[in-house]
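**Student:** Need coordinates for the following:
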Amino acid sequence: MALIRTRVCIAGNRGHLNVPLDDMKKSGHGEIVGVCGAGPDMSTESVASSCRRVFGTEPPRFDGDYRSMLDAAKPDVLVVCGPFEDHAAMTVEAVGRGIHVFCEKPVSTTLEGLADVANAHRLHPDVKIAQMCGPHYDTGNWSATCHASEIGTVRLMHAQKSYKLGRREAYFMSRQTSGGLIPWVGIHAISWLYHFAGRIPFKAVCASQSSAFNKGHGDLEMSAACLFEFAGGVAASASIDYLRPENPALGHGDDRIRVMGTDGSIEVRDDACVRSTPTGTETFCDAPPFGMFEDFLRSVNGEPANIMTGVDLLRVTQAALLAREAADRHQRIVVPDI
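**Tutor:** Reported below is the predicted structural model:
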């Protein structure tokens, strides 16, 4: 791909700012034209420091809020890594200016905020919105994407997302500032399920969750189980937790996917994909040709891309938020297409 000098602004450094920074460093695509803080615990200096660690140079700094930075720097893309509860408002503000948005997940922690994002997308359909669901670009998951067409029609799926708890920052201890386990961690698993279902609409969800044994982390849920129904009778489940043992020999996360089709199955574990069909079993470890942020820049520049944007992003986020609501209400919820 030709070098893309897309103008990029960054607001905040909560979550996985390393994802776009590392991609820009590796690929040479994207040019940082402004950084600013976002909230009382994310100063402009903290964002600039993150950039210096990767690039070794000082980025252009704006000490006002992100709106004044957008007006002055006139970027093509805004990377949103602010307080999670502000993601929707920041996204809507940028989209209204015609600026593409690459947002830390979830793009909204509430259904009301997501409705605002959906309305902004309807008003500005050519402006791209994506969120950081990075595991799609791990070797095992990428391999599964490459070989999913070889197992026939998908009928049943399960995804697992398991993390070590460690000691979480204060904002994780409140539903209002974190969004909760399902929208923060589970959205990865839900995104996988939606992707392997063929990006067809969700129809219904039921779920359960528990904050028991969270070691003093306030509202933080430790475990959740979700069951999704898709169009055409496709069923999928997801297990999400902070119960991975704090064993230093183990990595932070344990991601697994199992997809059952009419002609075979695909299973992802330990960053490898195993495809089984009536004729045999084969293991794949296909590395993606680009990172997530580079893929987003491809979409912004009109090139073929795999990243979920627009209605796909809205459907996945809505499913995560409704799964949280279903667990709170202890009932099955029908999912309207957004």
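**Student:** Quick one: mean pLDDT for stretch 37-56?
**Tutor:** The pLDDT scores in stretch 37-56 average 94.
**Student:** Span of it from start to end?
**Tutor:** With C-alpha to C-alpha, to the nearest Å applied, stretch 37-56 spans 19 Å between its terminal residues.
**Student:** Would you state the helices of the stretch 1-150 of the chain in chain order?
**Tutor:** 18-27, 44-55, 66-73, 87-96, 111-123, 139-147 (DSSP state H, counting those that start in this stretch).
**Student:** now for these, which one comes closest to K164?
**Tutor:** Set against K164 and scored by C-beta to C-beta, the helices of the stretch 1-150 of the chain come closest in helix 18-27, at 18.2 Å. Placement of C-beta: from N, CA and C, glycine included.
**Student:** and the closest one, how far from the chain's centre?
**Tutor:** 16 Å (C-alpha atoms, centre = their mean, to the nearest Å).
**Student:** Just want the angle from it to helix 44-55.
**Tutor:** 40 degrees (axes from the mean of the first three to the mean of the last three C-alpha atoms, to 10 degrees).
**Student:** Could you state which residue of this protein sits nearest its centroid?
**Tutor:** Centroid-nearest residue in the chain, with C-alpha atoms, centre = their mean: C133, separated by 2.7 Å.
**Student:** Once you drop chain neighbours, what's closest to it?
**Tutor:** Once flanking residues are discounted, C133 sits nearest to S191: 4.6 Å by C-beta to C-beta, 6 or more residues apart in numbering.
**Student:** Give me the below-cutoff pLDDT ranges for the stretch 101-250 of the chain.
**Tutor:** Residues of the stretch 101-250 of the chain meeting the criterion pLDDT under 70: 135.
**Student:** What are the boundaries of the strands in it?
**Tutor:** Ranges of strands within the stretch 101-250 of the chain are 129-131, 154-163, 202-210, 223-230, 235-241, based on DSSP state E, counting those that start in this stretch.
**Student:** For the nearest residue to G198 once chain neighbours are set aside, list each beta-bridge partner.
**Tutor:** Closest residue to G198 apart from its sequence neighbours, by C-beta to C-beta, 6+ apart: V154 at 6.7 Å. With beta bridges defined as DSSP bridges, V154 has these partners: G261.
**Student:** and the residue nearest to G34 when sequence neighbours are not counted, what is it in contact with?
**Tutor:** In space, not counting the residues next to it along the chain, G34 is nearest to A73; the distance is 3.7 Å by C-beta to C-beta, 6+ apart. A73 makes contact with R7, C9, V33, G34, P60, F62 under the criterion C-beta atoms under 8 Å, 6 or more residues apart in numbering.
**Student:** So what sits opposite the closest residue to the fifth one other than its chain neighbours in the bridge?
**Tutor:** The spatial neighbour of P60 that comes closest, neighbours along the chain excluded (C-beta to C-beta, 6+ apart), is G34 at 5.0 Å. Residues in a beta bridge with G34, per DSSP bridges, are C9.
**Student:** and the contacts of A73, which are buried?
**Tutor:** C9, V33, G34, F62 (16 or more other C-beta atoms under 10 Å).
**Student:** okay, now the domains of this protein?
**Tutor:** 7-131, 135-289+309-334 (automatic domain parsing).
**Student:** Turn the ones you listed into CSV, including distance to S299.
**Tutor:** Shown next, in CSV, are those (distance: least, C-beta to C-beta, whole Å):
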stretch, distance to S299
domain 7-131, 5
domain 135-289+309-334, 6
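**Student:** out of the ones you listed, nearest to R298?
**Tutor:** domain 7-131 (8.7 Å).
**Student:** What count of nearby residues applies to A231?
**Tutor:** Residues contacting A231 under the criterion other C-beta atoms under 10 Å number 12.
**Student:** Now it: closest residue in space, sequence neighbours ignored.
**Tutor:** Going by C-beta to C-beta, 6+ apart, A231 has I200 as its nearest residue, at 4.7 Å.
**Student:** Could you do R256 as well?
**Tutor:** Nearest to R256 is Q160, by C-beta to C-beta, 6+ apart, at 4.1 Å.
**Student:** The one you found touches R244, doesn't it?
**Tutor:** No. Using C-beta atoms under 8 Å, Q160 makes no contact with R244, being 10.3 Å away.
**Student:** which residues do the two both contact?
**Tutor:** Contacts common to Q160 and R244, judged by C-beta under 8 Å, 6+ apart, are D254.
**Student:** Would you mark the buried spots in stretch 7-21?
**Tutor:** By neighbour count on 16+ other C-beta under 10 Å, the buried set for stretch 7-21 is V8, C9, I10, A11, G12, N13, R14, G15, L17, V19, P20, L21.
**Student:** From those, pick the one nearest V54.
**Tutor:** Looking across those and measuring by C-beta to C-beta, the closest to V54 is L21, at 4.4 Å.
**Student:** quick one, what contacts the residue nearest to that closest one when sequence neighbours are not counted?
**Tutor:** With sequence-adjacent residues excluded and distances taken as C-beta to C-beta, 6+ apart, L21 is closest to V54, at 4.4 Å. Applying C-beta under 8 Å, 6+ apart to V54 gives the contacts N18, L21, D22, M24, K25.
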